[in-house]
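> Predicted model and sequence follow; I will ask about them next.
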Amino acid sequence: MERELALEIVRVTEMAALASSHWMGRGKKNEADGAATSAMRSMFDTINMRGTVVIGEGELDEAPMLYIGEKLGHADANGPEVDVAVDPLEGTTIVAKGHNNAMSVIAIGDRGTLLHAPDMYMMKMAVGKRAAGKIQLHDPVDKMIEIVAESNNKRIQDVTVIIQERERHQAIIDAVREKGARVKLFGDGDVGAAIAACLPQTGIDLFLGIGGAPEGVISAAAIKCLGGDMQAQLKPQDDAERDRCIRMGLANPEQLLTLNDLVKGEDAIFAATGVSDGELLQGVRYLGDDMVETHSIVMRAQTKTIRFVRALHNTEHKPNFNWR
């Protein structure tokens, strides 16, 4: 992949975030998601790449755009052939309710490197680079906490584990509390939560829990850029989901998936733009006089470069976008 692609991709997440931010707190999650998806799809037409959606808004018969298998890039593109994983609006309900931690996210890898994860549950564990390679997904929770405490030079009581607030995670929450570590709960949007566990400035040491498999692959691309570690395991709920995994190339649907199973190779690009304020990014801000501010992150695994991008957009000069 060409390094210029990283900065091109962040323009795509910016437009999706701007489009969905118009629906903040208006109680209309489908409209917010649709606005983000339309804006993202339009911006992809300006990028010099030959992309194929491997994780998107659904199968061809389920989504009008950004469907699995759709080709992306401008018509005369001669750029790199890449896999593309998108979530135009991670946190549709978050935006509808006006809550925190909504983002627009994209992950890109060379063709054939991103796991074609089906839309089902996945057990996930993520840590930063100081604990990378030291923890296994099925280790007891108390052992995980001991390892990240030692790796991050913290006392047990100073370790923070971020977990999605769901009934299915109560046993994990209880185990963390029993060990004496801190619990940080979040509602929706586990891509941002997984990444936060790999950034020292967040104070979060470990991400653990069951969430969406597509989001797991997108998170893995970011974690590879950050030098952290992630392990996962698909959790098919019935024979139909198990058969779907096999059709997508996983002979053993419930095998342990390492970071390199989720994102093969040495390179990947991840970009995200905040829609509402969160652990990772500030949200879209309307400043008046047609000026709107966005905050984004873009990373590349090959160079381990992390860029935070603050952009000011003049909406009067966005002729291809319906701001009103």
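Cool, the structure landed.
> For stretch 255-275, buried residues please.
Judged by neighbour count using 16 or more other C-beta atoms under 10 Å, the buried positions of stretch 255-275 are 257-259, 261-264, 267-275. All C-beta spots, glycine's among them, are computed from the backbone N, C-alpha and C.
> from memory E2 sits against A77, does it?
No. E2 is beyond contact range of A77, at 11.7 Å (criterion: C-beta atoms under 8 Å).
> Give the closest residue to M40 in space, chain neighbours not counted.
Nearest residue to M40, sequence neighbours excluded (C-beta to C-beta, 6 or more residues apart in numbering): A16, at 4.1 Å.
> three-state assignment of that neighbour?
helix (DSSP: H, G, I helix; E, B strand; the rest coil).
> What of the one 4 residues further on?
With three-state DSSP as the basis, S20 sits in helix.
> tally of neighbours for it?
Close neighbours of S20, defined as other C-beta atoms under 10 Å, add up to 32.
> With adjacent residues omitted, what lies nearest to it?
Using C-beta to C-beta, 6+ apart, the closest residue to S20 is A36 (3.9 Å).
> Report the separation between the one you found and I147.
Here the criterion is C-beta to C-beta, to the nearest Å. By it, A36 lies 38 Å from I147.
> Would you mind telling me which of the two has the busier surroundings?
Just comparing A36 and I147: by other C-beta under 10 Å the higher neighbour count belongs to A36, 32 against 19.
> host element of the more buried one?
In this assignment (DSSP states H and E), A36 forms part of helix 29-44.
> what's the helix or strand following that helix in contact with?
Beyond helix 29-44 on the C-terminal side, the first helix or strand identified by DSSP H and E is strand 50-55. With C-beta atoms under 8 Å, 6 or more residues apart in numbering as the test, strand 50-55 has contacts from 44, 66-73, 77-87, 107-108, 111, 114, 116-117, 214, 217-218.
> Give me the distance between the residue nearest to M40 and K264.
Taken as C-beta to C-beta, the span from A16 to K264 is 26 Å.
> and if you look at E178?
38 Å.
> Now do the helices in the stretch 151-300 of the chain.
Chain-ordered helices for the stretch 151-300 of the chain, with DSSP state H, counting those that start in this stretch as the definition, fall at 170-179, 190-196, 213-226, 239-247, 259-262.
> Looking at those helices, spot the one closest to V292.
helix 190-196 (20.8 Å; C-beta to C-beta).
> re the thing from before, in JSON lines: the helices of the stretch 151-300 of the chain, plus mean pLDDT and distance to D205.
Formatted as JSON lines, the helices of the stretch 151-300 of the chain follow (pLDDT from 0 to 100; distance: least, C-beta to C-beta, whole Å):
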{"stretch": "helix 170-179", "mean pLDDT": "98", "distance to D205": "11"}
{"stretch": "helix 190-196", "mean pLDDT": "94", "distance to D205": "10"}
{"stretch": "helix 213-226", "mean pLDDT": "96", "distance to D205": "14"}
{"stretch": "helix 239-247", "mean pLDDT": "87", "distance to D205": "31"}
{"stretch": "helix 259-262", "mean pLDDT": "96", "distance to D205": "17"}
